[in-house]
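Student: following is a predicted model, sequence given first.
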Amino acid sequence: MADILSIADAPERAIDAACSVLARGDLLGLPTETVYGLAADATNGEAVAHIYAAKGRPRFNPLICHMSDRGMAEMHVRFEPLAEKLADAFWPGPLTLVLPRLKQSPVASLVTAGLDTLAVRVPRGIAGDIIRRFGRPIAAPSANRSGRISPTRAEHVAHDLGEAVSLVLDAGPCAVGLESTIVKVESGRAILLRPGGLSRDEIEAVTGHCLLRHETPGALEAPGMMASHYAPDAPVRLNVTSVAPSEVLIDFADQPIVGKEQARAVIELSASGRLTEAAAKLFDAMQRADRLGGSAIVFAPIPTTGLGEAINDRLQRAAAPRGVEPDAGTQFG
Ligand code: TXA
Ligand code: MG
């Protein structure tokens, strides 16, 4: 198993250790406020290739580049005024911007998978300190094997990826617990490519416009939007009103679900009905539910407002039919 190093005791030592792993071209389990990332030096093509191999991910699914701040991002992508406004409002934080890539950017072409845009984000917390010290952008998808549940704790990373990752930094459970919201900005318009840890309302409050939703199934502009994704081993049912004794119930706000007392287990996402708490606990709850070995994991209805949009998006992917294996070209994660 990978080494796990807690950042609590000696953060400076953890930053140094992380930078040497990255400089060697090895993979690092990187805590961010959204989910743990599987990180490599974005300018080292071979290191980036290791990410795809470790995840079992097809080459042409592009990766997010993590920057220390907007200044570093400006060396790689072109900001139009709307993008500047969004970056200033939400960085560091759970917002990824897809922007035109600059020709002189040394980011490895494997990161963008041949696209002329680059997805950039500035994470909160120790990840930002590491990138600042390292001095170069870090490519990092979520640190899970392709199609599996995203990790919100260091143990999830070590468990899912094993030897493929040299070191996992442990910064405790992720505060947000859902991947970043991905917004493409072009010609004065903001288009939502993936709902995530920053809600639509917060973005619209800054842009003053309705966020457009990219809705072309199959079109590769919204990669990572594969139907079956974030999948636990057990089958998943959503918006249930009853639960069977063999099933594990994931509840929200303690709803009156028929059969709850006899369920194999009940995991509560937020007894008080707070969507931020539910988001932070969601992936951990799915991992725990999966280990309980029930005949299915069933979810109580969760509102679709605020962060509920991203939560329900992930749940729909977890519940999508898996009978037809996606071919390599459509498998994301
Ligand atoms: O919160 C997050 O975003 C986490 C943490 C580790 O930062 N990262 C993450 O990365 O979720 P990943 O690789 O699992 O998801 C990245 C998504 C994919 O759906 C990918 O296809 C999309 O971003 N993406 C990357 N570059 C893109 C581009 N140029 N245009 C459109 N989508 C892009
Ligand atoms: Mg992912």
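Tutor: Sure thing, it's come through. Ligands and ions are numbered 1, 2, ... in the order given.
Student: ok, and the closest non-adjacent residue to the residue of the stretch 51-200 of the chain found nearest ligand 2?
Tutor: Each residue of the stretch 51-200 of the chain has a distance to ligand 2, by CB to the ion, and the smallest belongs to Ser142, at 3.3 Å. The C-beta positions use only the backbone N, C-alpha and C, and glycine is treated the same way. With sequence-adjacent residues excluded and distances taken as CB to CB, 6 or more residues apart in numbering, Ser142 is closest to Ser150, at 4.1 Å.
Student: now do the SS call for that neighbour.
Tutor: Reducing the assignment at Ser150 to three states with DSSP: H, G, I helix; E, B strand; the rest coil gives coil.
Student: ok, it touching Ala140?
Tutor: No - with contact defined as CB atoms under 8 Å, Ser150 does not reach Ala140; the gap is 11.8 Å.
Student: tally of neighbours for the nearest residue to Ala171 once chain neighbours are set aside?
Tutor: Closest residue in space to Ala171, ignoring its immediate chain neighbours: Pro31 at 3.6 Å, by CB to CB, 6+ apart. Residues within reach of Pro31, counting by other CB atoms under 10 Å, total 32.
Student: do you know how far Pro31 is from Gly293?
Tutor: Taking CB to CB, to the nearest Å as the measure, Pro31 and Gly293 are separated by 29 Å.
Student: now do the host helix or strand of Ala205: which elements does it pack against?
Tutor: Under the criterion DSSP states H and E, the helix or strand holding Ala205 is helix 200-207. Applying 3 or more CB pairs under 8 Å, 6 or more residues apart in numbering; DSSP states H and E, one finds that helix 200-207 contacts helix 81-90, strand 189-194.
Student: can you give me the mean pLDDT across that helix?
Tutor: Summarised as a single mean, pLDDT over helix 200-207 is 96.
Student: for the helix or strand following it, name the packing helices and strands.
Tutor: Using DSSP H and E, the helix or strand that directly follows helix 200-207 along the chain is strand 212-213. In this structure, strand 212-213 makes packing contacts with strand 189-194, judged by 3+ CB pairs under 8 Å, 6+ apart.
Student: direction included, what does the strand it packs on pair against?
Tutor: Strand partners for strand 189-194, identified by DSSP bridges, are recorded as strand 181-186 (antiparallel), strand 212-213 (parallel).
Student: now tell me which of the ones you listed the model trusts least on average.
Tutor: If you rank those by mean pLDDT, strand 212-213 sits at the bottom with a mean of 88.
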